[in-house]
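S.K.: Dropping a prediction and its sequence here:
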Amino acid sequence: MTIQYSQREKSYELYRKGKREGTWDPDEFDLEQDKADWAEFSTDEQHQFLASCSAFYDGEEDVTRTLAPYMMALDTLDDEELPFDTVQEEMFLAQQLYEEAKHTDFFSRYFEEVFQTQDVEPYRAGGYQTQGYSTDDLYGTAEELLTAITGGSQQDLIYTLGEAYLNYMGIVEAQLARGGYLSFDQMIEVKADQMDRTELLPAFQAGIGKIRQDETRHIENGRWVMKQLAQAEPAIVSDVYEPRIETYIQNRLVVEPSTTEQPFAGYDQQSIGRKTKQYLQDTVDYIGIDRFDRVADIDAAIQSMASTD
Ligand SMILES: [Fe+2]
Ligand SMILES: [Fe+2]
């Protein structure tokens, strides 16, 4: 089947945007200033910063390793039954997979040359990995997709793919990664202030800026596909999206993060939490707030789940 170039869908437009924006090379950043800046961090500050970076490095590897089945699933779906063109979406995901590989590449080089370690294990105990929801889930999601591709009905495959997009693009990218950027912003701002500097870790910031730009496209495409799937199978919202969002709220938003010793003075976890909640509301709004029942209003959902604890 040919692609109607004159009828490009959102996925194709985001792919075109990615061709223009996504051509940066992690090898081109000069890391000398970053190495000097990193030496100015105290051991506790380094530990805290490495906890966030390790979660990211792990996460980028996890998304790189688990995206391929999404393309296979799209290929197996019956295009006639869907309100979008699966080939255009596969083109977007092919580009996304390359970009995730490049994000892993960025962290790999940065860990080696600036942090001078590839061992993330000691830092996994802090930060994001303690809260009962991690990117490990992506492997289970990929397995479920492979099973649905070979053995499931069309509806089963749509449901599984919807859950996969919600988990990967809706939660790992739109929640965990975006919360991580806010955390980097704050730590760097606090440390730069303390050192009386306007700029700190310039290569890190430039690289994260590029990654962020790529992720914005991934998140936008993910929301769009979730919306398309909800149009094809309206019950997917109550059967799949809502239970998955409730699990996430229960694991990550109802339970306040344990307040561990924070080396960066003035670091504001609550403001990150507020913004993260807003991002989740944005996802619901994009898919269509009227389609939702139990988690249409994220704040209300959190409160009612917290009170029934
Ligand atoms: Fe990424
Ligand atoms: Fe991504």
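M.R.: Yep, that arrived. Ligands and ions are numbered 1, 2, ... in the order given.

S.K.: got a list of contacts for stretch 245-256?
M.R.: 131-133, 166, 170-171, 175, 273, 276-277, 280, 284, 294-295, 298, 301-302, 305-306, 309 (C-beta atoms under 8 Å, 6 or more residues apart in numbering). Yep, even glycine has a C-beta here, placed from its N, CA and C like the rest.

S.K.: Equivalent analysis for stretch 180-187, please.
M.R.: Here stretch 180-187 has contacts from 45, 48-49, 52, 55-56, 127-128, 204, 208, 212, 264, 267-268, 271-272, 275-276, using C-beta under 8 Å, 6+ apart.

S.K.: Between the two ends of stretch 255-271, what distance do you get?
M.R.: 16 Å (C-alpha to C-alpha, to the nearest Å).

S.K.: For the residue of the stretch 151-300 of the chain found nearest ligand 2, give me its contacts.
M.R.: Nearest residue of the stretch 151-300 of the chain to ligand 2, counting by C-beta to the ion: His218, 3.7 Å away. Applying C-beta under 8 Å, 6+ apart, one finds that His218 lies in contact with Gln96, Glu99, Met169, Glu173.

S.K.: Tell me, what's the model's pLDDT at the nearest residue to the third one once chain neighbours are set aside?
M.R.: The one in question is Met169. Nearest non-adjacent residue to Met169, counting by C-beta to C-beta, 6 or more residues apart in numbering: Gly222, 2.3 Å away. Residue-level confidence at Gly222 comes out at 98, pLDDT.

S.K.: all helices of the protein, in order?
M.R.: 10-21, 32-38, 43-66, 68-76, 86-110, 137-151, 154-165, 178-194, 202-232, 236, 242-248, 269-288, 298-307 (DSSP state H).

S.K.: among the ones you listed, which is the most enclosed?
M.R.: With neighbours taken as mean count of other C-beta atoms under 10 Å, the helices of the chain reach their highest mean count in helix 236, at a mean of 23.

S.K.: For that one, which outside residues touch it?
M.R.: Ile158, Tyr159, Gly162, Leu229, Ala230.

S.K.: Look through this protein and state the residue closest to ligand 1.
M.R.: His103 (3.7 Å).

S.K.: per-residue confidence for that residue?
M.R.: At His103, pLDDT is 97.
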